[in-house]
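Peer 1: Mind looking at a prediction? Sequence and model below.
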Amino acid sequence: MSFPRYTHLVFTSLSHPNLSLFNHAIRALSKTPSLCIQSIHLYLQMIRTRIKPDNFTYPFLLNSCAALSALHQGIEIHGRLFKNGYCPYIPVTNALIDMYGKCNALDRSYCVFDEMPERDVVSYNALLGAHARFGEDMNGAQRVFDRMPARNVISWNAMIVGYVNAGDLDSARSIFDKMPERNIVSWTTMLIGYTKNGIIDLARVLFDAMPDRNLVSWTAMITGYAQNGRPNEALALFRRMEKAPVKPDAVTMTSVISASAQLGGIELAEWIGSYVDREGIERNERVLTALIDMHAKCGNMEKAFRIFNEIPRPDVFSYSALINGLASHGHGMQALEIFHRMQKENIEPDYITFVGVLTACSHTGLVEDGLRFWESMVKDYRIDPDADHYACMVDILGRAGKLDEAHKLVKSMPMGPHPGALGSLLAACRTYGNVEIAESVAEQLFELEPENTGNYMLLSSIYALGERWDEAARVRTAMKERRVNKLPGCSWVEVNSNGLGFRVKN
DNA sequence: TTAGGGTTAG
């Protein structure tokens, strides 16, 4: 049992808690997002038992409101502060500014700020954070930053966060370079700025140059690799982390599991799964969802199901992971069953869920159902089909031999021609020996992916099936002339036979 | 009392 949960349990068994006990419990609960609501309940209990909150109660209580975006509760507490004879204690007022900022009530933050007889750097930082947090108002943030009487490292870091979230890496970097002293958060935030924008190699340069690294820095770098399709490097770094003085937690493992899923090796998946068990990693919903995805991608549907059943209230992520796993392993009917269960439980599907649903239809040959789901996706759920949805739909129509309809769909794609959809159609052209459509599709594909050997081979075999040998030969010659007969590069992870480790090879 | 890390897709 985690410490805050334990606190809560002990606390509720006490018959007459005093002010100090209430304060300790509220503080402990406010540190865990899922338990913030309990700390507000304790506060209400305090009021009922006529125990007056003091200056140590309010900051943590207001933190809970901020974490929950509970504006009304926050306003009520603010009101009670006044009623109880308001003595301007700066940490409490600062917590109010911060709470209003996090509840998206910037005008109220300013009301509190303007009324303060005396402010400290934290007051300014809280206001600065309110402007900068989502990167939406960097002009406002810059104004606060410029008029601050004094700045500390948190002020500078808040500006970096803002510019990173605004996608303005140049400004973020210029703040980073200008600041008088940097701490681990400054480095890590800048690193995250690069990883979130796909500039992974620069992020790595920063990571290697950092004076020290903590759990967040390691996790951010591993996540950067995992989210940018570089699972080998993510795992290599995870391996290196074993020698570092920090231990991976649930957040780290979520990315590590995701990287392992991308590689799809059974032994690796087993090893990562047992690592999570052995090290007692918290099995929260994100970890479990990543595990479902990983085991499903390795074809271990039994394990994926077992983990899915471990989730008390599965959400759109966990449902989608399971549906996509089932669909891509040929269990189309089962995928659709799960989808219906999801609808019955009123979980709103998203665009990724529908990729799985349409994949299930295409693998199971359910043309009518596929069309029905497509329509429902657009009409009932207002999801704009993206390239992947078109690719699935083209696949469904193509496999059923409806090549003209599939071709029409491809031409109607608002995002323009796309390799996935075109590739599906070309494959269907071979199945049904349609040279005419194949030629027009292949032409577009050669332009989009001149390096992809498969497309040339496919067109060549379509000609061959129609006994048009000259043309078949011509395609192969064209391929050789364009020097695309190169084998694609590959890399893999090798798991040691004792299951205790793995190596990344390139 | 103020700043940084996560899940699902041909």
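Peer 2: Nice, thanks for sending it over. No experiment lies behind these values; they were computed from the predicted model shown. Numbering: from 1, shown residues only, chains lettered A, B, ... in the order given.

Peer 1: what residues go with each domain of chain A?
Peer 2: Domain assignment for chain A, taken from automatic domain parsing, gives A:1-119, A:385-506.

Peer 1: got TSV for those domains, with distance to A:Ala226, mean pLDDT and mean neighbour count too?
Peer 2: C-beta: built from backbone N, CA, C; applies to glycine. Compiled in TSV, those are given as follows (distance: least, Cβ to Cβ, whole Å; pLDDT from 0 to 100; neighbours: other Cβ atoms under 10 Å):
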stretch	distance to A:Ala226	mean pLDDT	mean neighbour count
domain A:1-119	23	87	17
domain A:385-506	13	79	17
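
Peer 1: For DNA strand B, find the nearest of these.
Peer 2: Minimum separation from DNA strand B across the domains of chain A (Cβ to the nearest atom of the strand) falls at domain A:1-119, 3.1 Å.

Peer 1: Next up, the contacts around the most centrally placed residue in chain A.
Peer 2: Averaging the C-alpha coordinates of chain A gives a centre point, and the residue nearest to it by Cα atoms, centre = their mean is A:Gln227 (8.3 Å). By Cβ atoms under 8 Å, 6 or more residues apart in numbering, the contact list for A:Gln227 reads A:195, A:255, A:258.

Peer 1: can you tell me the helix or strand for the first one?
Peer 2: It refers to A:Thr195. For A:Thr195, the host element (DSSP states H and E) is helix A:184-196.

Peer 1: now swap in the last one and tell me
Peer 2: Per DSSP H and E: A:Ser258 is located in helix A:250-263.

Peer 1: Mind listing what's buried along that helix?
Peer 2: Across helix A:250-263, burial judged by 16 or more other Cβ atoms under 10 Å covers A:250-263.

Peer 1: List, one by one, the residues from the stretch 1-150 of chain A near DNA strand B.
Peer 2: Proximity of the stretch 1-150 of chain A to DNA strand B (Cβ under 7 Å from any atom of the strand) is limited to residues A:59-60, A:63, A:90-91, A:94-95, A:98, A:120-123, A:125-126, A:129, A:133.

Peer 1: Ok, the stretch 201-350 of chain A next?
Peer 2: A:214-217, A:219-220, A:223, A:226-227, A:248-255, A:258, A:261, A:284-287, A:289-290, A:293, A:297, A:315-318, A:320-321, A:324, A:327-328, A:350.

Peer 1: filter those to the buried ones?
Peer 2: Buried residues within these, defined by neighbour count using 16+ other Cβ under 10 Å: A:215-217, A:219-220, A:223, A:226-227, A:248-255, A:258, A:261, A:286-287, A:289-290, A:293, A:297, A:317-318, A:320-321, A:324, A:327-328.

Peer 1: Looking at those residues, which are in helices?
Peer 2: Restricting these to those inside helices, with DSSP state H as the criterion, leaves A:215-217, A:219-220, A:223, A:226-227, A:250-255, A:258, A:261, A:286-287, A:289-290, A:293, A:297, A:317-318, A:320-321, A:324, A:327-328.

Peer 1: can you tell me how far A:Thr364 sits from DNA strand B?
Peer 2: Computed as Cβ to the nearest atom of the strand, to the nearest Å, the A:Thr364 to DNA strand B distance reads 14 Å.

Peer 1: For DNA strand B, what's the nearest residue on the stretch 251-400 of chain A?
Peer 2: Residue of the stretch 251-400 of chain A nearest DNA strand B, by Cβ to the nearest atom of the strand: A:Ser320 (3.0 Å).

Peer 1: hang on, isn't that residue packed against A:Ile352?
Peer 2: Yes. If you go by Cβ atoms under 8 Å, A:Ser320 and A:Ile352 touch, sitting 4.8 Å apart.

Peer 1: thinking again about what came up before, now for the residues of the stretch 1-150 of chain A next to DNA strand B, which pair is the farthest apart?
Peer 2: The largest separation in those, counting by Cβ to Cβ, is between A:Ile90 and A:Arg133 at 21.4 Å.

Peer 1: phi, psi of A:Asn452?
Peer 2: The phi and psi torsions at A:Asn452 (degrees, to the nearest 10) take the values phi -80, psi 110.

Peer 1: Am I right that it is in contact with A:Leu445?
Peer 2: Yes. Taking Cβ under 8 Å as the definition, A:Asn452 is a contact partner of A:Leu445 at 7.3 Å.

Peer 1: pLDDT of stretch A:131-150, averaged?
Peer 2: Stretch A:131-150 shows a mean pLDDT of 95.

Peer 1: Thank you, goodbye.
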